[in-house]
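A.B. asks: compute the structure for the input listed below.
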Amino acid sequence: ACGRLLAGFVLAAAVHAAGAHGPIWQAEHRLAEFAKAAATIERTPSVISKVAMMTDRTQPSGVGRTVSDMLDEPAVGDGLTLRGGEERAKSEVEETSPVPPLRAETSEKSEQTPQGIEQTHHAEGGGTFRINYRASSEWPDAFLHFSRDGGKTWSVRRGHRQEEEHVCATGEEDPQMALGTSPCGKWRFAAIEEEEGEVCFVLHSGDGRWDSSPADVEGASFYRAVGKGAVCVKDRKVSVVGPGKPVLVVTDLDGTYHGDEGAVAAFNGEWERQFAHRGSFLVYNTGRSFDSFKTLLASGGLLLPTAFIGSVGTEIWWSNTDGTFTKDAEWEAKLSGCPGWDRTKVAAAAQEWLDQEEVMHWRPEDEQNQYKAVFGVKTDKVANIVKEIRSKLKADGKSATLIYSGRGDWNYLDVVCEVAGKHEALVHVRNKLGFSPENTVACGDSGNDILMLEGDERGVVVGNAQEGLLAWVRGKGQQAGSANGKDRVFCATEGHARGILQGLYAMGFAE
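C.D. replies: Presented below is the predicted three-dimensional model:
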């Protein structure tokens, strides 16, 4: 059994005195130094069934879709094995329930500072053993209770006196777990100095609630791992945080990250157990408006991103650790100062075609904003309409970026302020977070992602990409599954979010 969990419990004290040993976790391999970048390797996630392809938003004549509430399936990290032992009394501790799906309460105003470059989840090198823990939202705090001698003696609970025979020789107190800056769930972390030895540990809230039993080890009374590097504990499952380079992932939503529930769950599980603890950031870059995104996020299943780029790069919002969002005032000021933008001139340039409702129409009001005009256009007319609108704006001394995408009989046509756009907003966010183009990966599935993928950053085209984007890929002479030194963009064979994972592994951001 683990060391005494509650000082006042006579039963727990008896377990300590008896020196009983329960089932344990054992990490069979040691982690490499986390400061070193992982070598590029080939690793392809399991193949998924083919699903219907989606556009970046609802088709002009269609209805939007949402992801249902879900939890990622917890997975034990590579190299961890289970070993049996004696059973313990289940009544010794109060176990935490699995963490519910993330539901962020969002608002347009927040006093908090937007997320910046600082990241506290990634593991430190040297002799530090780091535990990343996603505690229950009901816990007011979290503490690490640990043992270095197989559970015989333990660290001291703050404010509690313990018999000398059960206290570790150093007399160390349970470290309080700090709340990480990543918005990706309520993650906490603590680190202790440990060279190569094994560490047994349990987690507690400081007010009598404990998490001490791995979910898939019957009768286990504490977690155990090799004390070097880092582990992740989520939903009572332990994973080793493997080596890998920090990466900024900037992904389109519909049809890329979002659109296949199984793929979303697979990505979320890998991101929360690996990438988020190595200094990586997740950003959404979509045609959806901020209000549309908030509705989608509240439906459950999506990770809370570090930043949200919406409305084809015409708005940027930074998330806070409490789930609220702060609008990027610097980006707003840049767009408002654009001399060539005039939305009334855009409407006038499009009026001839808008008078033909069977050819062109305004999209709903909630898709519009002051730096963007959105239309539904017949696919066979869109190229000619784009040419004419651009010509009329130039004649009026105005300019704009025109982007069309979609499949079937209708396309979207986004006309946006020329200093805005998916790639321009990506660069703004990347610079604020301090990532180089080489460590930034843009991910997309449709024609309105081409500008984002044409930048200096690396890219992933998911396996279910639309024909407009695939034609661009073919024009670059690239093939599905290619990721050599000459190919800046990886063409995945996997669809949706699994395609993103496939690209990240192929590029060497994890192993």
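
A.B. asks: strands along the stretch 101-250 of the chain, start to end?
C.D. replies: 128-134, 143-147, 178-179, 187-193, 198-204, 210-211, 223-226, 229-234, 237-240, 248-251 (DSSP state E, counting those that start in this stretch).

A.B. asks: mind putting those strands into JSON lines with distance to Q368, mean pLDDT and mean neighbour count?
C.D. replies: For glycine as for every other residue, the C-beta is placed from the backbone atoms N, C-alpha and C. What follows is the strands of the stretch 101-250 of the chain, written out as JSON lines (distance: least, C-beta to C-beta, whole Å; pLDDT from 0 to 100; neighbours: other C-beta atoms under 10 Å):
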{"stretch": "strand 128-134", "distance to Q368": "39", "mean pLDDT": "88", "mean neighbour count": "23"}
{"stretch": "strand 143-147", "distance to Q368": "50", "mean pLDDT": "93", "mean neighbour count": "23"}
{"stretch": "strand 178-179", "distance to Q368": "38", "mean pLDDT": "86", "mean neighbour count": "14"}
{"stretch": "strand 187-193", "distance to Q368": "37", "mean pLDDT": "89", "mean neighbour count": "20"}
{"stretch": "strand 198-204", "distance to Q368": "48", "mean pLDDT": "91", "mean neighbour count": "25"}
{"stretch": "strand 210-211", "distance to Q368": "48", "mean pLDDT": "92", "mean neighbour count": "22"}
{"stretch": "strand 223-226", "distance to Q368": "52", "mean pLDDT": "85", "mean neighbour count": "25"}
{"stretch": "strand 229-234", "distance to Q368": "40", "mean pLDDT": "89", "mean neighbour count": "24"}
{"stretch": "strand 237-240", "distance to Q368": "44", "mean pLDDT": "89", "mean neighbour count": "23"}
{"stretch": "strand 248-251", "distance to Q368": "24", "mean pLDDT": "98", "mean neighbour count": "26"}
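
A.B. asks: and the ones you listed as a markdown table, adding distance to R488?
C.D. replies: Output for the strands of the stretch 101-250 of the chain, formatted as a markdown table (distance: least, C-beta to C-beta, whole Å):
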| stretch | distance to R488 |
| --- | --- |
| strand 128-134 | 32 |
| strand 143-147 | 42 |
| strand 178-179 | 37 |
| strand 187-193 | 32 |
| strand 198-204 | 42 |
| strand 210-211 | 44 |
| strand 223-226 | 38 |
| strand 229-234 | 31 |
| strand 237-240 | 31 |
| strand 248-251 | 14 |
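
A.B. asks: these: which one's closest to Q351?
C.D. replies: In terms of C-beta to C-beta, the element of the strands of the stretch 101-250 of the chain nearest to Q351 is strand 248-251, at 35.3 Å.

A.B. asks: now do the closest one: everything it contacts.
C.D. replies: Strand 248-251 has contacts (C-beta atoms under 8 Å, 6 or more residues apart in numbering) with 257, 275, 280-285, 309, 426, 429-430, 433, 435, 439-444, 452, 457, 500, 504.

A.B. asks: F308 versus the residue nearest to V461 when sequence neighbours are not counted, what's the distance?
C.D. replies: Among residues not flanking V461 along the chain, C491 sits closest, at 4.9 Å (C-beta to C-beta, 6 or more residues apart in numbering). In this view, C491 and F308 are 26 Å apart by C-beta to C-beta, to the nearest Å.

A.B. asks: returning to what we had before: from the contacts of strand 248-251, which land in helices?
C.D. replies: Residues of these located in helices (DSSP state H): L426, V429, R430, L433, M452, I500, L504.

A.B. asks: H423 and M452: what is the separation?
C.D. replies: 5 Å.

A.B. asks: G376: which of the strands of the stretch 101-250 of the chain is closest?
C.D. replies: strand 248-251 (24.7 Å).

A.B. asks: please enumerate the strands of the stretch 251-400 of the chain.
C.D. replies: 281-285, 307-310, 315-319, 325-327, 360-362, 372-378.

A.B. asks: helices along the chain, start to end?
C.D. replies: Using DSSP H, helices in the chain cover 10-18, 261-273, 290-298, 329-336, 343-354, 382-395, 422-433, 450-453, 467-475, 496-506.

A.B. asks: next, count neighbours for the nearest residue to K327 once chain neighbours are set aside.
C.D. replies: What sits nearest to K327 in space, not counting adjacent residues and going by C-beta to C-beta, 6+ apart, is W317, at 5.5 Å. Using other C-beta atoms under 10 Å as the criterion, W317 is surrounded by 23 other residues.

A.B. asks: contacting residues for W317?
C.D. replies: With C-beta under 8 Å, 6+ apart, W317 has these contacts: F290, A307, F308, G310, F325, T326, K327, D328.

A.B. asks: could you rerun that using 6 Å?
C.D. replies: F290, F308, F325, K327 (C-beta atoms under 6 Å, 6 or more residues apart in numbering).

A.B. asks: and W139, by the same measure?
C.D. replies: S205.

A.B. asks: which phi and psi does it have?
C.D. replies: phi -80, psi 130 (degrees, to the nearest 10).

A.B. asks: look up how far F267 lies from F281.
C.D. replies: In terms of C-beta to C-beta, F281 sits 14 Å off from F267.

A.B. asks: make that K152, sorry
C.D. replies: 41 Å.

A.B. asks: compare these two (neighbour count), which wins?
C.D. replies: Remark: of K152 and F267, F267 carries more neighbours, 26 against 15, as counted by other C-beta under 10 Å.

A.B. asks: the more buried one contacts G495, doesn't it?
C.D. replies: No - F267 is beyond contact range of G495, at 11.7 Å (criterion: C-beta atoms under 6 Å).

A.B. asks: can you count the residues close to N431?
C.D. replies: With other C-beta under 10 Å as criterion, N431 counts 9.

A.B. asks: quick one: residues contacting it.
C.D. replies: Per C-beta under 6 Å, 6+ apart, neighbours of N431: none.

A.B. asks: what of N132?
C.D. replies: W187, F189, C232, H277.

A.B. asks: does the last one really touch P243, like I thought?
C.D. replies: Right, the one you point to is H277. No - with contact defined as C-beta under 6 Å, H277 does not count as touching P243 (11.3 Å).

A.B. asks: quick one, which of the two is more surrounded?
C.D. replies: Neighbours were counted for H277 and for P243 using other C-beta under 10 Å; H277 has more, 29 against 20.

A.B. asks: do you know how far the more buried one is from E418?
C.D. replies: Distance from H277 to E418, by C-beta to C-beta: 39 Å.

A.B. asks: do the same with V359
C.D. replies: With C-beta to C-beta as the criterion, V359 and E418 are 25 Å apart.

A.B. asks: more neighbours, the two?
C.D. replies: Using other C-beta under 10 Å, the more surrounded residue of V359 and E418 is E418, with 19 against 16.

A.B. asks: that one touches S399, doesn't it?
C.D. replies: Yes - counting by C-beta under 6 Å, S399 is a contact partner of E418 at 5.1 Å.

A.B. asks: quick check: neighbours shared by the two?
C.D. replies: What both E418 and S399 touch, as defined by C-beta under 6 Å, 6+ apart, is the set G340.

A.B. asks: thinking again about what came up before, for T379, find the nearest of the strands of the stretch 101-250 of the chain.
C.D. replies: strand 248-251 (25.5 Å).

A.B. asks: neighbouring strands for the closest one, and are they parallel or not?
C.D. replies: strand 281-285 (parallel), strand 440-444 (parallel) (DSSP bridges).

A.B. asks: buried sites along the last one?
C.D. replies: By 16 or more other C-beta atoms under 10 Å, the buried positions in strand 440-444 come out as T440, V441, A442, C443, G444.
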